[in-house]
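Asker: Attaching a predicted model along with its sequence, questions to come.
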There are 2 protein chains.
Amino acid sequence: MPNPTACLLIIGNEVLSGRTQDANLRYIATRLGEIGIPLREARVIPDVRETIVATVNEVRAKYDHVFTTGGIGPTHDDITSECVAEAFGVPWEPHPEAWRRMEGHYARQTPPGDFNPARQRMATMPRGAALIDNIISVAPGFTMGNVHVMAGVPRIMQAMFEALAPTLQGGPPIVSAAVHANGLMEGRIAEGLADIQKRYPEVDIGSYPYYRTGGGGVAVVAKGIDGAAVKQAAHDVLVFMRACGGHPVEGEPS
Amino acid sequence: MPNPTACLLIIGNEVLSGRTQDANLRYIATRLGEIGIPLREARVIPDVRETIVATVNEVRAKYDHVFTTGGIGPTHDDITSECVAEAFGVPWEPHPEAWRRMEGHYARQTPPGDFNPARQRMATMPRGAALIDNIISVAPGFTMGNVHVMAGVPRIMQAMFEALAPTLQGGPPIVSAAVHANGLMEGRIAEGLADIQKRYPEVDIGSYPYYRTGGGGVAVVAKGIDGAAVKQAAHDVLVFMRACGGHPVEGEPS
């Protein structure tokens, strides 16, 4: 059976304007690879209702899992939650357990915080949503169908992802093996590398030039779910790089 | 007349697997904002022919400009160029000027480099492509219709973008003004902020909590093409934050 697939939606004008460097894609991509749910696509979209609704509906039909980050805070530009309700065609309403947690949280503050209408929006969710715990700042994320709605702040997103992870049913984990050689040029090994790729169709072989002060080189990464084939392909790459006059080393360049 | 719009396609398995942290989105987003061609969407897609062809065709119909990064090197997994040819339905063939530049480049190396079939692929382009100069490593990018095809390595991508930039016809630049207040919580200012947003429909007001050791706060960014309205909206935010008991400061938190 093939691995389940995932798509990430990064929701936020601040990423599209260049204000904010996204730090969530790499974390989620890496963790999903370990879980065996490879990330097949990521999209960065603005805080625009029609765009969010249409994109959620497009990708939730196309992938087994959709993860969203951003747009679930208390301010007017946080519209992800209500857009997911609209995408699923269900009411957007107070979630009793989320409400209880957040009301309690503000009541316990000294002096007590104000569980005002803006904050109440964070306890308002699509009907049928299952909460994703937030051990950092209480306000939960949620899962609706195959869509997992998480915060955009990396520390909170990571806590939510790890709360969610045990519930995700993955396929075999994606394993990888890297080989790199300083001073070897990509154009020099390209043809031989293509031959190795042909011999291992089940392994995904990628070639990545790198640049360092004092000269770069090329890193080759073999990736797949068949650990023995990945290892053998990487070994073939190493032998071939040596034949090209390089001094290949296992692992990524440091 | 509304500003022209842009979409970025980040092409590469290495970003989707988490191996590589994308460093191009933020650069391109920032520069496009300055040029007055706001980035409306970005997608990260794998090195898969059907996906690249379909995505290029979808977004080039939807946006005024499409920028792609990645997949134009010499190796078997570099397939962006031939996919763009397929998307446009034109032959993928040697580009005489690109060929001349690269042949000359390898001939001038000591000892002369091998302008082998793998490297010749980098001089092979969709018929009708206009070159984008590469002052870093010679192999050019290209523009085909409204699609600008650039390298994935940030230093090379930036050189290509800057070579291309003078040819891009933008609208008025997007200007922004930020205000931030340490210790002020987003949920406290959310309702008043929504009121200010309502008063300035032509300004895009975003609210971004931040976390620092020793306590965070909230940054509010006003953005738009009407500089006076942006400035006034940011001023209103500052006055309102002060009324909430905060000590707001102009600019982004450092």
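Answerer: Perfect, thanks for sending it.

Asker: Pull up the gap between the closest residue to A:Val138 other than its chain neighbours and chain B, please.
Answerer: Leaving aside its sequence neighbours, A:Val138 sits nearest to A:His105 (CB to CB, 6 or more residues apart in numbering or on different chains; 4.5 Å). (Glycine included, C-beta is placed from N, CA and C.) Distance from A:His105 to chain B, counting by CB to the nearest CB, to the nearest Å: 11 Å.

Asker: how about A:His105, secondary structure?
Answerer: Under DSSP: H, G, I helix; E, B strand; the rest coil, A:His105 falls in the helix class.

Asker: How about the contacts made by A:Gly183?
Answerer: Neighbouring residues of A:Gly183 by CB atoms under 8 Å, 6 or more residues apart in numbering or on different chains: A:215, A:217, A:246-247.

Asker: Now pLDDT and secondary structure too, for these, in TSV please.
Answerer: Below are these laid out as TSV (pLDDT from 0 to 100; DSSP: H, G, I helix; E, B strand; the rest coil):
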residue	pLDDT	secondary structure
A:Gly215	77	coil
A:Gly217	94	strand
A:Gly246	94	coil
A:His247	95	coil
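
Asker: Buried by neighbour count, from those: which ones?
Answerer: A:217, A:246 (16 or more other CB atoms under 10 Å in any protein chain shown).

Asker: Tabulate the contacts of A:Gly183 (a markdown table), appending distance to A:Ala181.
Answerer: A markdown table is the format used below for these (distance: CB to CB, whole Å):
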| residue | distance to A:Ala181 |
| --- | --- |
| A:Gly215 | 11 |
| A:Gly217 | 5 |
| A:Gly246 | 4 |
| A:His247 | 6 |
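
Asker: For A:Val153, state which of the contacts of A:Gly183 is nearest.
Answerer: A:Gly217 (36.5 Å; CB to CB).

Asker: on that earlier part again, so the residue nearest to A:Val138 sits against A:Pro140, correct?
Answerer: No. Using CB atoms under 8 Å, A:His105 is not in contact with A:Pro140; the gap is 10.9 Å.

Asker: can you give me phi and psi for the residue most central in space within chain A?
Answerer: Centroid check for chain A by CA atoms, centre = their mean gives A:Ile28 as the closest residue, at 2.9 Å. Backbone torsions for A:Ile28, taken as degrees, to the nearest 10, come to phi -70, psi -40.

Asker: How about A:Phe161?
Answerer: phi -60, psi -40.

Asker: show me what contacts it?
Answerer: Applying CB under 8 Å, 6+ apart, the residues near A:Phe161 are A:27-28, A:31, A:67, A:150.

Asker: So which of the residues you listed are in helices?
Answerer: Using DSSP state H, the subset of the contacts of A:Phe161 located in helices is A:27-28, A:31.

Asker: Could you dump the contacts of A:Phe161 into a markdown table with distance to B:Gly145 added?
Answerer: Listed next are the contacts of A:Phe161 as a markdown table, based on distance: CB to CB, whole Å:
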| residue | distance to B:Gly145 |
| --- | --- |
| A:Tyr27 | 36 |
| A:Ile28 | 33 |
| A:Arg31 | 38 |
| A:Phe67 | 33 |
| A:Met150 | 37 |
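
Asker: For those, work out which two are farthest apart.
Answerer: Once CB to CB is applied, the contacts of A:Phe161 give A:Arg31 and A:Met150 as the farthest pair, at 12.0 Å.

Asker: Okay then, goodbye and thanks.
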